[in-house]
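Asks: let's see this in three dimensions:
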Amino acid sequence: MKVHFIAIGGAAMHNLAIALHKKGDVVTGSDDEIEEPSRSRLAANGLLPSELGWFPEKLSDEIDTVILGKHARPDNPELLEAKKLGLKICSFPEYLFQQTRDKVRVVISGSHGKTTITAMVLFVLRRMGIKTDYLIGSQIDGFSTGLSLSDENRIAIFEGDEYLTSAIDKRPKFHVYQPHIAVISGIEWDHIDAFPTFDDYVEQFRIFSKLIERDGKLIFSEKDNNIREIADNVREDVTAIPYSIPDYDIISGVTYLKNKYGSFPLKIFGAHNMQNIEAARLVCRQIGVKDQDFYESIAEFSGLPYRMEKIAFNGNSSVFCDLANTPSNVLASVDALKRQFPERKLLICLELYTGSSLSSSYFPQYTGSLDGVAEKLIYFDPNKKDVQISCDDIVSVFGKECIVFNNKEDLLGRLNSLSLKDANLLFMTSRGFVSSEIRGWARKMLLD
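Replies: Coordinates of the predicted model:
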């Protein structure tokens, strides 16, 4: 097969390109911007375009399929040429569905937790020797890429993103996969550029529940009223399976999962992660993993990069980074550190970087999310496109004691003045912000 990728540098797109290349397909692609780690991974597999830009001449009638990335615009020159030539054009999720049409598809969705739950499921299945196709938006220890396809595997595990499929397909991605086993982990208004009201956003999950295959399963967080309403109204042939936070203890900074099989010390912590574990257990049970085997395996799961990742520590002080960006994410991460280390003061550096967090209609939802924090450092770029909030707005939401920064130099200056003795510092930011510079600073502060 000859496959051409329009916007090959995307987080998911480059993984699919590599997966097809490893299967033996002839892969080409273009993009106008390719950042790390996509650039290095494409280069390592001989797939990095020789120059950035769009080149209609790369398209010909010899190409079997054109896969369109989500950030390619409707007037993309290569897309127009593909249409002119009458080539088969599909989105990333459409292609995955076509490749897994005859497999058991598990789709893990939700405004928060979906990446971690997917990672937990894949981690346990790997330890059980169960091979699957998969898609996940993060790197997992033991997995070389975030996506894998095989003709032999009979199960496909997909992280179900609710954002739009492509420039020419305005369906949310997770509407395309039609799962046999579905998970909804939580619903919190996000992607307000695509879903301008909370009702619009909730409706996408309601539609998702209707797309479950016949005699399928819906595993859902029962503490979320919106999800419970959806679960109460699924088709009669769909089995709804609720889950909640399991029993656990925190002893000397270690979380122990408690059940009839014993007490299992974990490498991760936080009530939200305990709930994620319960969702992952129920998914694995549907695939044939015994509960005791699951618990013994999940005890070895050490988490994901940028998900409450410990980037430096020294005695009674640690620095973490987390991709928490929605109000409930922020609240859950703050609560997790307070409960896990009650004897330590908590310092927070929060970057407001998503379109939602910078929206005047959405931003007030952060009110109260940093209550009880000893130091509140808030960073945002006022020159970023479509910023609707000001420093005054930030102070009104997070309190007069918060300090707002507009450039990294001033922020680093403040960080250098902090005492991290008997403290935890949590960066809640984008991947780009927690760069080698910040990681190097953290190690220097705690190890020198």
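Asks: so Phe269 sits in a strand?
Replies: No. In this structure, Phe269 is coil, not part of a strand, as judged by DSSP: H, G, I helix; E, B strand; the rest coil.
Asks: give the contact list for it.
Replies: Neighbouring residues of Phe269 by CB atoms under 8 Å, 6 or more residues apart in numbering: 250, 255, 308, 336, 339-340. Glycine gets a C-beta too; all of them are placed from N, C-alpha and C.
Asks: what do you get for Glu296?
Replies: Taking CB under 8 Å, 6+ apart, we find Glu296 in contact with Phe264.
Asks: what about the helix or strand containing it, average pLDDT?
Replies: Counting by DSSP states H and E, the element that carries Glu296 is helix 291-298. On average, the pLDDT along helix 291-298 is 98.
Asks: okay, buried residues for that helix please.
Replies: By neighbour count on 16 or more other CB atoms under 10 Å, the buried set for helix 291-298 is 294-295, 297-298.
Asks: where's Ala279 relative to Pro56, distance?
Replies: Taking CB to CB, to the nearest Å as the measure, Ala279 and Pro56 are separated by 45 Å.
Asks: for the chain, give me the ranges with low pLDDT.
Replies: Within the chain, the segments meeting pLDDT under 70 span 448.
Asks: which residue ranges of it form helices?
Replies: 13-23, 38-44, 77-85, 92-99, 114-127, 198-210, 225-232, 271-287, 291-298, 327-340, 391-398, 408-416, 436-447 (DSSP state H).
Asks: kindly state the beta-bridge partners for the residue nearest to Ala374 when sequence neighbours are not counted.
Replies: Nearest residue to Ala374 in three dimensions, chain neighbours excluded: Lys345, at 4.3 Å (CB to CB, 6 or more residues apart in numbering). Applying DSSP bridges to Lys345 gives these bridge partners: Ala423.
Asks: please tell me how far Ala119 sits from Ile136.
Replies: From Ala119 across to Ile136, the span is 6 Å (CB to CB).
Asks: who has more neighbours, Ala279 and Pro56?
Replies: A side-by-side neighbour count of Ala279 and Pro56, using other CB atoms under 10 Å, places Ala279 first with 28 against 15.
Asks: how much space separates the more buried one from Pro246?
Replies: According to CB to CB, Ala279 and Pro246 sit 10 Å apart.
Asks: and if you look at Leu323?
Replies: Using CB to CB, Leu323 is found at 24 Å from Pro246.
Asks: of the two, who's got more company?
Replies: Comparing Leu323 with Pro246 by other CB under 10 Å, the one with more neighbours is Leu323, at 21 against 14.
Asks: and the nearest residue to the more buried one once chain neighbours are set aside, what does it touch?
Replies: Distances taken as CB to CB, 6+ apart put Tyr306 closest to Leu323, at 4.7 Å, once the chain neighbours are dropped. Residues counted as contacts of Tyr306 (CB under 8 Å, 6+ apart) are 138, 321-323, 431, 434.
Asks: hmm, 6 Å instead?
Replies: Applying CB atoms under 6 Å, 6 or more residues apart in numbering to Tyr306 gives the contacts 321, 323, 431.
Asks: and what of Phe123?
Replies: Taking CB under 6 Å, 6+ apart, we find Phe123 in contact with Phe301.
Asks: before we move on, what about Pro382?
Replies: Shown in contact with Pro382 (CB under 6 Å, 6+ apart): Asn406.
Asks: so Glu159 touches Thr118, yeah?
Replies: Yes. Between Glu159 and Thr118 there is a contact under CB atoms under 6 Å: 4.4 Å.
Asks: so for those two, which sits in the more crowded spot?
Replies: Neighbours per residue (other CB under 10 Å) separate Glu159 from Thr118, with Thr118 holding more: 32 against 28.
Asks: all strands for the stretch 51-200 of the chain, in order.
Replies: 65-68, 89-91, 104-109, 133-135, 147-148, 155-160, 164-166, 169-172, 181-184 (DSSP state E, counting those that start in this stretch).
Asks: which stretch among those strands comes nearest Ser359?
Replies: Judged by CB to CB, the one of the strands of the stretch 51-200 of the chain that comes nearest to Ser359 is strand 164-166, at 17.4 Å.
Asks: from the contacts of Tyr306, which single one is nearest Met1?
Replies: Taking the contacts of Tyr306 together and measuring to Met1 by CB to CB, the closest member is Arg431, at 32.1 Å.
Asks: now do the phi/psi pair for the closest one.
Replies: phi -60, psi -40 (degrees, to the nearest 10).
Asks: give me the most central residue, the chain.
Replies: In the chain, the centroid-proximal residue (CA atoms, centre = their mean) is Thr115; its distance is 4.4 Å.
Asks: and it, how far is that from Leu149?
Replies: In this view, Thr115 and Leu149 are 19 Å apart by CB to CB.
Asks: residues touching Leu218, list them.
Replies: Contacts of Leu218 by CB under 6 Å, 6+ apart are 182, 209, 231, 234, 238, 240.
Asks: in terms of contact, does the third one touch Phe220 like I think?
Replies: Yes. If you go by CB under 6 Å, Ala231 and Phe220 touch, sitting 4.7 Å apart.
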